[in-house]
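K.L.:
Based on what follows, work out the 3D shape:
(chains A, B and C)
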Amino acid sequence: MTNATEDLPDPLPRAFYDRKTESVARDLLGKQLVRVHEGIVRRGRIVEVEAYLGAEDKACHSARGMTPRTKVMFGPPGHAYVYMIYGMYYCMNIVTEGEGRACAILLRALEPLEGLPEKTRGPGLLCRAMGIDRSLNGHDLLDETFFVADDPTFMGGKIITRPRIGVGYAEEWTDRPLRFYLSESPFVSKP
DNA sequence: TGCACGATGAAC
DNA sequence: TTCATCGTGCAC
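P.N.:
Numbers count the residues shown, from 1 in each chain, chains lettered A, B, ... in the order given. Next up is the predicted model:
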């Protein structure tokens, strides 16, 4: 091989993301998030996610309509929605369902596979580990420099379903079981 | 133009 | 439980 990208897997197709958000969320568990930046390959196994269901979901950023920040969520599926939280961390989401649905999945934890530090638990640290910042907001995840791919080494595992973290303001949506994680994974942010 | 508040993480 | 730190959304 002559460069770092030759051994990389193929990005998942657009159709993978153009489905019901809860289904995509469950199916993302065990997949690998891949990024190639400045010659460095970083790969992590997705072990924890949260589903955000669009306009009616009071915990979802798109619930108050399209704004400059949430514009990407209203676009086509398979794109990254990256935003800053608490003035010091970034959160990485993947847009799902048809254009205008404004649904997304928050990536909450990775198991390091390649080129990653130990701290990959929690959405803020996940982004720090992968080098994800606002410049990747709107990035098409079918692009081969930053994408999600199948992981043939993943052996499967039981999925735990729980309420989402940090959405106590979302009234009746607070307790909806929209957080999914691999039960056997020691890399989950909060068991 | 001002201001209250986070889809967090770490320290105490 | 408290705090760091600042973009965003909405009130005025």
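K.L.:
Tell me the residues of chain A that contact DNA strand C?
P.N.:
If contacts are counted using C-beta under 7 Å from any atom of the strand, the residues of chain A sitting beside DNA strand C are A:61, A:64, A:67-70, A:83-84, A:86-88. Glycine gets a C-beta too; all of them are placed from N, C-alpha and C.
K.L.:
Select only the buried ones of the residues you listed in PyMOL?
P.N.:
Buried members of these can be picked out in PyMOL with the line below, counting by 16 or more other C-beta atoms under 10 Å:
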select buried, chain A and resi 61+70+83
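K.L.:
For the residues of chain A next to DNA strand C, give me TSV that also has distance to residue A:95, pLDDT and secondary structure.
P.N.:
Compiled in TSV, the residues of chain A next to DNA strand C are given as follows (distance: C-beta to C-beta, whole Å; pLDDT from 0 to 100; DSSP: H, G, I helix; E, B strand; the rest coil):
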residue	distance to residue A:95	pLDDT	secondary structure
A:61	12	98	helix
A:64	17	95	helix
A:67	15	97	coil
A:68	16	97	coil
A:69	13	98	coil
A:70	10	98	helix
A:83	12	98	strand
A:84	18	98	strand
A:86	22	98	coil
A:87	24	97	coil
A:88	24	97	coil
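K.L.:
restrict the residues of chain A next to DNA strand C to contacts with DNA strand B.
P.N.:
Subset of the residues of chain A next to DNA strand C in contact with DNA strand B: A:61, A:84, A:86-88, counting by C-beta under 7 Å from any atom of the strand.
K.L.:
Show the residue spans covered by the helices in chain A.
P.N.:
With DSSP state H, the ranges of helices along chain A come out as A:14-17, A:21-28, A:123-130.
K.L.:
which one of those lies closest to DNA strand B?
P.N.:
Ranking the helices of chain A by their distance to DNA strand B (criterion: C-beta to the nearest atom of the strand) puts helix A:123-130 first, at 3.0 Å.
K.L.:
What is that closest one packed up against?
P.N.:
Counting contacts by 3 or more C-beta pairs under 8 Å, 6 or more residues apart in numbering; DSSP states H and E, the secondary-structure elements packed against helix A:123-130 are strand A:40-52, strand A:80-85, strand A:89-96, strand A:103-114.
K.L.:
run the last query once more with 6 Å
P.N.:
Here helix A:123-130 touches strand A:89-96, strand A:103-114, going by 3 or more C-beta pairs under 6 Å, 6 or more residues apart in numbering; DSSP states H and E.
K.L.:
was I right about residue A:123 contacting residue A:90?
P.N.:
No. If you go by C-beta atoms under 6 Å, residue A:123 and residue A:90 don't touch, sitting 8.1 Å apart.
K.L.:
Right, I'll call it a day here.
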